[in-house]
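S.K.: quick one, fold the following:
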Amino acid sequence: MILTTHQPLFLPWPGFFFKAAYADCMVMLDNVQFPLGRGWMNRNRLKCDKGELWLTVPVSRKGRGLQMIREVEIDSGARWREKHLRAVRQNYVNAPFMKQHYPVIEAIYRKQRHTLVSLNLDLIRFFMNTLSLKADLVVQSELGVTGAGTDLIVDVCKECRASKYVIFTAAESHLDIKKFEQAGIQVTFLRFVPPVYPQLWGNFIYNLSTLDMLLNCGPVSESFILNAGGRISR
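M.R.: Residues are numbered from 1 along each chain as shown. Take a look at the predicted model:
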């Protein structure tokens with residue numbers, strides 16, 4: 001079985017799903033540390049007439065110190081849901097596939113939840129289904145595997161009985177490949193080239209949330225992602 005891993009990002013970029021397309025199983029690393037600074041766990045970019053349009057899910061941080069991703073709670077006092085939905089409606093009203101996909105996005109947003117990871121996983125499942133990606137989505141905390149670095153990834157592979165692990169070339173420097181070899185796990189590297197596709201609002205912006213691609217391109221989005229690179233040999 002071929003396995004890959006990633007943190008459960010908010011409205012992920014196309015590269016996230018490109019990696020999923022090369023795997024039989026994608027494990028969401030929710031039992032690792034939530035970034036202290038700005039990251040992609042609770043914010044991402046769409047597009048508007050002025051360029052980038054940032055959407056941020058407010059989370060509770062005060063007095064909580066270091067948190068695991070699975071522990072991070074959404075700030076219930078902030079009125080972020082309607083702000084996000086209004087931004088999508090206003091800026092993508094003329095997108096060809098807005099009417100098809102907006103109702104599902106709205107339903108996910110309207111669902112009451114406490115944790116950030118539950119929101120992110122629902123959105124990721126929506127993208128996976130819409131893009132016809134067949135990889136099983138597994139959550140790290142449900143596997144009962146903990147740890148850090150290469151040891152964590154190797155243990156996840158063992159728990160899922162994976163014989164191959166796929167990663168982007170940029171991640172190679174962060175892993176001890178010899179540990180995979182010692183465990184009998186083959187590592188395959190992926191080269192991702194951000195796809196260019198029809199967008200609204202002027203000059204093209206790379207690596208926006210996959211939602212931008214989906215609202216603009218609909219079913220063709222799958223082809224854009226699948227053809228955005230490939231395996232490379234070592």
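
S.K.: what helices or strands is the host helix or strand of Ile167 leaning on?
M.R.: Following DSSP states H and E, one finds Ile167 within strand 164-168. Counting contacts by 3 or more Cβ pairs under 8 Å, 6 or more residues apart in numbering; DSSP states H and E, strand 164-168 is packed against strand 2-6, helix 14-21, strand 186-192. In short, each C-beta sits where N, CA and C put it, glycine included.

S.K.: taking strand 186-192 as reference, get the angle to that strand.
M.R.: Calculated by axes from the mean of the first three to the mean of the last three Cα atoms, to 10 degrees, strand 164-168 forms an angle of 30 degrees with strand 186-192.

S.K.: ok, Gly149 - how many residues close by?
M.R.: Neighbourhood size, Gly149 [other Cβ atoms under 10 Å]: 12.

S.K.: so what's it up against?
M.R.: 174-176 (Cβ atoms under 8 Å, 6 or more residues apart in numbering).

S.K.: pull up the gap between it and Ser163, please.
M.R.: Applying Cβ to Cβ, to the nearest Å, the value for Gly149 to Ser163 is 21 Å.

S.K.: that older thread, what's the most buried one of the helices and strands packed on strand 164-168?
M.R.: helix 14-21 (a mean of 23; mean count of other Cβ atoms under 10 Å).

S.K.: check which helices and strands it is in contact with.
M.R.: With contacts defined as 3+ Cβ pairs under 8 Å, 6+ apart, helix 14-21 has these neighbours: strand 2-6, helix 116-130, strand 164-168, strand 186-192, helix 210-217, helix 221-226.

S.K.: rerun at 7 Å
M.R.: Secondary-structure packing of helix 14-21 (3 or more Cβ pairs under 7 Å, 6 or more residues apart in numbering; DSSP states H and E): strand 2-6, strand 186-192, helix 210-217, helix 221-226.

S.K.: how about the helix or strand harbouring Ala87: buried residues?
M.R.: Assessed by DSSP H and E, Ala87 sits inside helix 80-91. With burial defined by 16 or more other Cβ atoms under 10 Å, the residues of helix 80-91 counted as buried are 80-81, 84-85, 88, 91.

S.K.: mind checking how far the helix or strand that that helix is followed by is from the chain centre?
M.R.: Counting by DSSP H and E, the next helix or strand C-terminal to helix 80-91 is helix 98-110. Offset of helix 98-110 from its chain centre (Cα atoms, centre = their mean, to the nearest Å): 18 Å.

S.K.: perfect, that will be all.
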